[in-house]
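1. sequence and predicted structure are below.
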Amino acid sequence: MAWPRGRNGCGWMHIISKYMKYPVLAAPNIGAHWLLGCLLLMLLAANATAAPSIRWICSTETKPWQEMTAPPVADGTDADAVKLNPEVRFQTIDGFGGCFNELAWAALQQAGKSQRKAVLAALFDPRTGCGFSLCRLPIGANDFALDWYSDDETAGDFAMKHFSIRRDETNLIPYLKAAMKYQPKLKVWGVPWCPPSWMTTTNDYKHGCMKQDAPTLAAYALYFSKFVQAYQRAGINLYAIHPQNEPSYNNNIYPQCKWSGPEINVFLRDYLLPQLKQDQVKVEVWLGTIVSHRLEEFVDPVLGDPVTGPQITGVGYQWAGRPAFAATHQKYPDKQLLQTETECNDGANSWAQAVTTFDRISEDLNHYANGYDYWNMVLNETGKSSWNWRQNCLVTVNPQAHEIVFNPEFYALKHYSHFVPPGGHRIAVNGEVVKNISAFQTPAGKLVVVASNHGSAGSTLRLAAGGKEATFSLPPNSMNTMVLSDW
């Protein structure tokens with residue numbers, strides 16, 4: 001083999017010296033020449049610009065999660081193109097997920113081991129599944145618990161001597177740890193549907209309001225503190241707590257408890273925040289989960305308080321609270337925002353419902369939500385709660401038929417969560433919000449565009465970024481994700 005040589009007899013070293021701060025001395029043998037040649041190739045590769053590429057995933061009702069043939073990438077920017085601008089960043093994306101419910105774990109326990117592993121991987125594995133990383137946890141019973149319980153039902157136990165998460169050690173914690181095998185850094189936040197029943201005005205888990213006497217509020221603050229500490233000792237990354245699920249309501253038959261905004265503020269300011277500080281508990285405190293879009297009802301009394309406000313990390317909205325995302329960001333731009341629960345629907349698990357969810361994810365993220373949580377991740381084939389009504393879920397497990405069904409909303413979530421990891425950012429699209437389109441930049445620098453076509457005919461979407469563009473023919477009634485690399 002003939003090696004390239006320069007005037008000094010060492011051609012490789014002469015070339016490599018151009019790429020390095022200091023000159024390279026002549027190597028005494030051919031092995032050194034070979035080694036330095038490899039180094040040159042590595043340097044040239046590092047300095048080379050990779051060709052732009054596209055990955056396109058499309059879901060339709062009959063063909064979910066299809067790898068589509070990517071269109072060619074061309075130079076230029078058409079005037080009609082949807083222009084992506086990664087230089088203009090909005091909020092950080094903290095993650096996607098769902099709620100850990102007892103009925104889900106019961107359904108998974110009834111499934112075979114291989115089916116259970118397949119479901120957990122599909123939900124939590126970041127390589128092949130949804131990659132869920134930010135999830136919700138009930139503090140005590142919710143409406144998809146096996147039945148009513150709290151972590152201290154001993155009436156008058158203000159010192160919380162009988163507090164225990166023993167029941168969770170049988171159901172929720174094993175579920176969490178099974179998920180953590182696929183997502184070790186899983187973050188969860190907790191919220192109660194109802195305090196211990198003796199703390200409500202009806203002494204029951206329904207139709208009551210939170211008692212407002214000082215001993216009860218102090219005991220409830222201690223209850224929260226003990227819950228966080230117990231879960232953290234169990235190895236669960238419980239990073240945040242919200243004071244009450246849907247504090248506007250106490251009119252249903254499942255666990256609920258009503259609070260006013262000023263009452264929540266007093267509890268947070270005078271009881272919970274001081275208790276957590278006294279116990280040296282490291283956990284974020286959020287205001288949630290709010291179902292009112294009127295800031296003056298819950299948000300202003302808490303975030304507007306000069307003592308409470310600075311100590312609250314963010315606001316969690318669901319259902320009727322969703323329209324408040326943009327207004328909350330505008331008024332309190334330093335606060336994070338979380339979509340805490342999708343609409344439950346009726347158990348039909350239809351394609352139309354999935355398309356609605358897909359678009360609402362886009363709407364909430366385009367209006368500054370940092371994260372998005374679905375409701376029931378898993379249910380059995382009945383889809384029923386312990387209070388006997390049906391709701392949707394991402395995955396249906398039918399142990400009698402030995403069947404797993406990935407419902408349409410599973411794909412609606414995966415179109416976002418699989419491609420936008422925590423730490424990504426929402427970026428500008430044409431400088432403003434474009435309906436049915438969301439765009440992000442991942443920590444690795446890839447551009448991710450999520451778009452829908454609701455029409456009964458195909459539609460054209462032209463994307464442009466960095467002086468490049470590509471034209472996509474979106475199938476009718478479809479959900480789509482495009483990943484643009486090296487644009």
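-> Sure thing, it's come through. Numbering: from 1, shown residues only.
2. could you report the neighbour count for the closest residue in space to Lys181 that isn't next to it in sequence?
-> Of all residues not flanking Lys181 in the chain, Leu120 sits nearest, at 7.3 Å (C-beta to C-beta, 6 or more residues apart in numbering). Every residue, glycine included, has its C-beta placed from N, CA and C. Close neighbours of Leu120, defined as other C-beta atoms under 10 Å, add up to 23.
3. please apply the same query to the one 4 residues further on.
-> Applying the criterion other C-beta under 10 Å, we find 24 residues in the vicinity of Phe124.
4. Ala457 now?
-> Counted with other C-beta under 10 Å, residues neighbouring Ala457 total 9.
5. with adjacent residues omitted, what lies nearest to it?
-> Nearest residue to Ala457 in three dimensions, chain neighbours excluded: Pro476, at 5.6 Å (C-beta to C-beta, 6+ apart).
6. so which strand or helix has Thr62?
-> Assigned by DSSP states H and E, Thr62 belongs to no helix or strand.
7. where does pLDDT dip in this structure?
-> 1-49, 431-434 (pLDDT under 70).
8. and it, what are its domains?
-> 11-47, 53-90+427-485, 94-422 (automatic domain parsing).
9. contacting residues around the residue nearest to Lys181?
-> Taking C-beta atoms under 8 Å, 6 or more residues apart in numbering as the criterion, Leu120 is in contact with Leu108, Ala178, Ala179, Lys181, Tyr182.
10. ok, the second one - how many residues close by?
-> So the one you mean is Ala178. Ala178: 16 neighbours (other C-beta under 10 Å).
11. backbone phi and psi for it, please?
-> With angles defined as degrees, to the nearest 10, Ala178 sits at phi -70, psi -40.
12. leaving out chain neighbours, which residue sits closest to it?
-> Excluding the flanking residues, the one nearest Ala178 by C-beta to C-beta, 6+ apart is Leu120, at 5.5 Å.
13. which strand or helix spans the one you found?
-> In the assignment (DSSP H and E), Leu120 maps to helix 113-124.
14. then that helix to CSV, C-alphas only?
-> Below are the C-alpha coordinates for helix 113-124, written out as CSV (Å, rounded to 0.1, in the frame of the first residue of the first chain):
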residue,chain,number,x,y,z
LYS,A,113,-46.8,-12.4,32.6
SER,A,114,-45.8,-11.9,28.9
GLN,A,115,-48.9,-9.8,28.3
ARG,A,116,-48.3,-7.7,31.4
LYS,A,117,-44.7,-7.1,30.3
ALA,A,118,-45.9,-6.2,26.8
VAL,A,119,-48.3,-3.6,28.1
LEU,A,120,-45.8,-2.0,30.5
ALA,A,121,-43.2,-1.8,27.8
ALA,A,122,-45.7,-0.3,25.4
LEU,A,123,-46.5,2.4,27.9
PHE,A,124,-43.1,3.2,29.5
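15. flag every buried residue along it.
-> Neighbour counts over helix 113-124 (16 or more other C-beta atoms under 10 Å) mark Gln115, Arg116, Ala118, Val119, Leu120, Ala121, Ala122, Leu123, Phe124 as buried.
16. do the same with stretch 99-118
-> Buried residues in stretch 99-118, counted by 16+ other C-beta under 10 Å: 99-108, 111, 115-116, 118.
17. turn the residues you listed into CSV, including distance to Cys130 and secondary structure.
-> Shown next, in CSV, are the buried residues of stretch 99-118 (distance: C-beta to C-beta, whole Å; DSSP: H, G, I helix; E, B strand; the rest coil):
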residue, distance to Cys130, secondary structure
Cys99, 14, strand
Phe100, 14, coil
Asn101, 17, coil
Glu102, 21, helix
Leu103, 20, helix
Ala104, 14, helix
Trp105, 18, helix
Ala106, 21, helix
Ala107, 18, helix
Leu108, 16, helix
Ala111, 18, coil
Gln115, 17, helix
Arg116, 16, helix
Ala118, 13, helix
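18. dump those residues to CSV, plus distance to His162.
-> Formatted as CSV, those follow (distance: C-beta to C-beta, whole Å):
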residue, distance to His162
Cys99, 26
Phe100, 24
Asn101, 24
Glu102, 21
Leu103, 26
Ala104, 27
Trp105, 24
Ala106, 26
Ala107, 30
Leu108, 30
Ala111, 34
Gln115, 38
Arg116, 33
Ala118, 39
